[in-house]
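Enquirer: Structure of the sequence below:
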Amino acid sequence: ALQVLRLSADRLPTPRADGDREALRILLSARREITTARTRQISRLRALLLAGDETDRDLARGTLTYNRLTTIARRRGKNGDTTEHAVGAETRRLALSIHNASREPTENKQQLTELVTTFSPPLLDKPGVGPVSGAQAIVSWSHAGRCRDEAAFAAHAGISPLPASSGRTTRHRLNRGGDRQLNRAVHDIVLTRWRICPRTHDYIARRRAEGRTDREIRRSLKRYVIRELFRTLNTPSLKRP
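Expert: The predicted structure follows:
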């Protein structure tokens, strides 16, 4: 309490449940719920189709695209017993529900993009950082001063390397603790850079030449990404609401 009293008003941390940060947290929770519900519905639809005839099994194979869902939703009921009527009605209902729910993630992503751009404009300019991963970084970072430095932020994300030496072997391993949602966001950023970022390609080639495995390279890349996110979010020149 005495330490806080010595601080000036502009250095006091803003509550986590404040303004755009709380809106981002709500939207991220809603996105996870939407994704979980849609995945569950797709699994149920596949199970019903695989238990049907050859036509139904053909529809269940591969990705349930817009055309396949439309075909299932427009099918007429078959002449048969009560079970077949129930299966047909349920497959049509699930196909229609999955089709309608496909717009929800897009709308959610648009809202996240607007809020992330307002809170930290340079964040989305970083390679591999999208509205979802950027929003998760903001929510986990919360406010300036929560993590004293980038090493603390890396430990908070479960990205700080842990010693795993044995005998004459000196190595480090991934941290399995910390904020797993933030860890997943950083992992997605690394995977995107692994595919499209030329600077990352040069780094991977150099580290492979040194005898590093891909797992060790990903661990190092995660540490670089979390450092970049921390420095971007702590930029004092940002004008946040």
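
Enquirer: Please make it C-alpha for all contacts and neighbour counts, starting now.
Expert: OK.

Enquirer: residues contacting the spatially most central residue of the chain?
Expert: In the chain, the centroid-proximal residue (CA atoms, centre = their mean) is Ala185; its distance is 4.6 Å. Contact analysis of Ala185 by CA atoms under 8 Å, 6 or more residues apart in numbering lists 132-134, 136-137.

Enquirer: Quickly note the distance from it to Gln3.
Expert: Ala185 sits at a distance of 34 Å from Gln3 (criterion: CA to CA, to the nearest Å).

Enquirer: thinking again about what came up before, report pLDDT for the residue nearest to the centre of the chain.
Expert: On pLDDT, Ala185 comes in at 95.

Enquirer: Got phi/psi on Ser165?
Expert: Ser165 adopts backbone torsions of phi -80, psi 150, taken as degrees, to the nearest 10.

Enquirer: Next one, pLDDT for the nearest residue in space to it that is not next to it in sequence please.
Expert: Leaving aside its chain neighbours, Ser165 sits nearest to Arg171 (5.2 Å; criterion: CA to CA, 6 or more residues apart in numbering). Predicted confidence (pLDDT) for Arg171: 75.

Enquirer: so where does the residue nearest to the centre of the chain fall, helix or strand?
Expert: helix 180-196 (DSSP states H and E).

Enquirer: Repeat that for Ala155.
Expert: helix 150-156.

Enquirer: now do Val87
Expert: Using DSSP H and E, the element containing Val87 is helix 82-101.

Enquirer: Summarise which helices and strands that helix is packed against.
Expert: For helix 82-101, the elements it packs on are helix 19-50, helix 66-73, judged by 3 or more CA pairs under 8 Å, 6 or more residues apart in numbering; DSSP states H and E.

Enquirer: how many degrees apart are it and helix 19-50 in direction?
Expert: Per axes from the mean of the first three to the mean of the last three CA atoms, to 10 degrees, the angle that helix 82-101 makes with helix 19-50 is 150 degrees.

Enquirer: Arg184: neighbour count?
Expert: Arg184: 15 surrounding residues under other CA atoms under 10 Å.

Enquirer: got a list of contacts for the lowest-mean-pLDDT helix or strand in the chain?
Expert: Least confident helix or strand, the chain: strand 172-173 with a mean of 73, by mean pLDDT, DSSP states H and E. Where contact means CA under 8 Å, 6+ apart, the residues beyond strand 172-173 that reach it are 161-165, 216, 219.
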